[in-house]
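Q: here's my sequence, what's the structure:
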Amino acid sequence: MPITNAPKLISGNANRPLATSVAQRMSMHRGVDVGLVEARVERFNDGEIFVEVYENVRGEDMYIIQPTSNPANDNLMELLIIADALRRSSAARITAVIPYFGYARQDRRSKARTPITAKLVANMMVEAGIERILTLDLHATQIQGFFDIPVDNLYASPIFALDVMHNFKGNMDDVMVVSPDVGGVARARDLAQRIGAPLSIVDKRRGKPGEVAEMTVIGDVKDRTCLIVDDIVDTAGTLCKAAEVLMAHGAKEVHSYITHGVLSGPAIDRVSKSVMKNLVITDTIQATDAVKACPNIRIVPTAPMFSQAILNTWNGTSVSSLFDHKTLGPIYEGMYRS
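A: The predicted structure is shown next:
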């Protein structure tokens, strides 16, 4: 494979602000101007997607920054079509940087006659010419096995650890990490170990999809500052109910640290009226005006981590070093000073 002078970034329309932030961060790291490759990604009148890349990408190491968030089908098709355009333009390697991997919740057959859509999406990406995946907090880590290409799954936990230690400095003894369900215990335990906090669990029994029938708290949360940790907040029904249950069990205050802020339907209204003091999300999904205007939602950036991961991939060095919050500390120094 020919050695390129620099990694080249290209973006669809799913999250242009994040792509621009990654490019700016890489400019800072490398001391040269790194911009997004000029291209147009647009739709014909009948809704078909058309891509045209204006720059020469022959022999280049290309990185497509495109979360497959809502509208998932449009953003997924943009990603696949951009990949095909780059492959047919003789790019040396194509890496898909997918901050939020859509369809990840359809990772197994929960009932008879249902699809495993996450596997189908994986097949489509490989067929389009994508040779490596870089993503953040996959809903189910086994999705990495759906691909026959390298998949680097980064974690938001080290960023959250830095944020917690910065914002709760002096009160860390009161902090307790809470998993909103039994399935998310490993994710919550990871953050708890990083910040040296105890762990509690909210056990839930679902009624209909999106609704929660019953909740119980496992662990003593009395007079604790509770941090609910999860990977996705969608309609926020479970999250807000969990916050209420924790407060009813004597918690001093409740904050939430959720990687992907899908925030669909009544989510914003629920969060704004919730007993939660703060909902902290990352910018993997482009925030709507309503999300930005919500007083108790705070967004932390992922661009510093993604830019470093891209540079490490390009250089052929370790990406797993970014799993450690001590490694990320200097990268996020402007935000979280000790």
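
Q: how about residue 42, what does it touch?
A: Listed by C-beta atoms under 8 Å, 6 or more residues apart in numbering, the contact set of residue 42 reads 49, 50. C-beta coordinates here come from the backbone N, C-alpha and C atoms, glycine included.

Q: you'd agree it is in a strand?
A: Yes: inclusion of residue 42 in a strand is indicated when DSSP: H, G, I helix; E, B strand; the rest coil is applied.

Q: which strand residues bridge it?
A: Counting by DSSP bridges, residue 42 is bridged to residue 50.

Q: low-confidence stretches in the stretch 201-338 of the chain?
A: Residue ranges of the stretch 201-338 of the chain with pLDDT under 70: 205-213, 338.

Q: can you list the residue ranges for strands in it?
A: 212-218, 225-233, 253-261, 278-282, 297-300 (DSSP state E, counting those that start in this stretch).

Q: out of those, deepest packed?
A: Per residue and on average, the most neighbours among those fall to strand 253-261, with a mean of 25 (mean count of other C-beta atoms under 10 Å).

Q: burial count for the residue lying closest to residue 276 once chain neighbours are set aside?
A: Distances taken as C-beta to C-beta, 6 or more residues apart in numbering place residue 243 nearest to residue 276, at 4.6 Å, with adjacent residues excluded. Using other C-beta atoms under 10 Å, residue 243 has 27 other residues around it.

Q: from here on, count from 19
A: Okay, using 19 as the starting number, the last item reads as residue 261.

Q: hang on, residue 261 packs against residue 291?
A: No: here residue 261 lies out of contact with residue 291, judged by C-beta atoms under 8 Å, at a distance of 11.0 Å.

Q: if we can go back for a sec, would you turn the strands of the stretch 219-356 of the chain into a markdown table with distance to residue 257?
A: A markdown table is the format used below for these (distance: least, C-beta to C-beta, whole Å):
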| stretch | distance to residue 257 |
| --- | --- |
| strand 230-236 | 10 |
| strand 243-251 | 5 |
| strand 271-279 | 6 |
| strand 296-300 | 8 |
| strand 315-318 | 12 |
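
Q: out of these, nearest to residue 159?
A: Checking the strands of the stretch 219-356 of the chain against residue 159 by C-beta to C-beta gives strand 243-251 as the closest, at 10.3 Å.

Q: quick one: strands adjacent to the closest one?
A: Using DSSP bridges, the strands paired with strand 243-251 are strand 193-197 (parallel), strand 271-279 (parallel).

Q: off-centre distance for that strand?
A: 14 Å (C-alpha atoms, centre = their mean, to the nearest Å).

Q: so that strand versus strand 296-300, what angle?
A: Counting by axes from the mean of the first three to the mean of the last three C-alpha atoms, to 10 degrees, strand 243-251 lies at 40 degrees to strand 296-300.

Q: quick one: the residue lying closest to residue 151 once chain neighbours are set aside from residue 32, how far?
A: Nearest residue to residue 151 in three dimensions, chain neighbours excluded: residue 169, at 4.4 Å (C-beta to C-beta, 6+ apart). When C-beta to C-beta, to the nearest Å is the yardstick, residue 169 and residue 32 sit 19 Å from each other.

Q: and the two? Which one has more around it.
A: Between residue 169 and residue 32, counted using other C-beta under 10 Å, residue 32 has the larger neighbour count: 28 against 20.

Q: what sits against the residue nearest to residue 272 when sequence neighbours are not counted?
A: Closest residue to residue 272 apart from its sequence neighbours, by C-beta to C-beta, 6+ apart: residue 261 at 4.4 Å. The contact partners of residue 261, taken as C-beta under 8 Å, 6+ apart, are 246, 272, 274, 292, 293, 294.
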